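Undergrad: coordinates only, no sequence provided:
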């Protein structure tokens, strides 16, 4: 996951997440004045199910930020839906 802007340095984060019967995932990252949370619903996930999750990015500082880019790479065992 990469979060960058002209006001901050680039921050790269690599996280391995094993799949389990507890599908809740929450990742909080603070870089400069940016907070980000990634969460999936707290439901049971079975093979073949679609997993939807939400990424929220907040500017918690007192400066206006521009050119913010957020990208998220799927695990190699997952495939993107249509």
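TA: Here it is on my side, so go on. Just so you know, these numbers come straight off a predicted model, no measurement behind them.
Undergrad: just the strands in the protein please.
TA: In chain order, the chain shows strands spanning 2-5, 8-12, 26-31, 34-39, 54-59, 69-71, with DSSP state E as the criterion.
Undergrad: parallel or antiparallel, list what pairs with the fourth one.
TA: In the sheet containing strand 34-39, the strands it pairs with under DSSP bridges are strand 26-31 (antiparallel), strand 54-59 (antiparallel).
Undergrad: worst mean pLDDT among the ones you listed?
TA: Mean pLDDT per stretch puts strand 26-31 lowest among the strands paired with strand 34-39, at a mean of 56.
Undergrad: and stretch 39-55, end to end?
TA: 7 Å (C-alpha to C-alpha, to the nearest Å).
Undergrad: least confident secondary structure element in this structure?
TA: One helix or strand of the chain scores below all others by mean pLDDT, DSSP states H and E: strand 2-5, with a mean of 53.
Undergrad: burial count for residue 33?
TA: A count of neighbours around residue 33, defined by other C-beta atoms under 10 Å, yields 15. For the C-beta atoms, the positions are set from N, CA and C on the backbone; glycine is no exception.
Undergrad: low-confidence regions, this structure specifically.
TA: Counting by pLDDT under 70, the chain shows low-confidence ranges at 1-15, 17-32, 78-82.
Undergrad: I'd like to know how many residues surround residue 55.
TA: Counted with other C-beta under 10 Å, residues neighbouring residue 55 total 13.
Undergrad: cool, residue 77 as well?
TA: For residue 77, the neighbour count with other C-beta under 10 Å is 6.
Undergrad: gap between it and residue 64?
TA: Applying C-beta to C-beta, to the nearest Å, one obtains 39 Å for the distance of residue 77 from residue 64.
Undergrad: mind listing the residues bridging to residue 69?
TA: In beta-bridge terms (that is, DSSP bridges), residue 69 pairs with residue 4.
Undergrad: ok, it to residue 58 distance?
TA: Counting by C-beta to C-beta, the gap from residue 69 to residue 58 is 15 Å.
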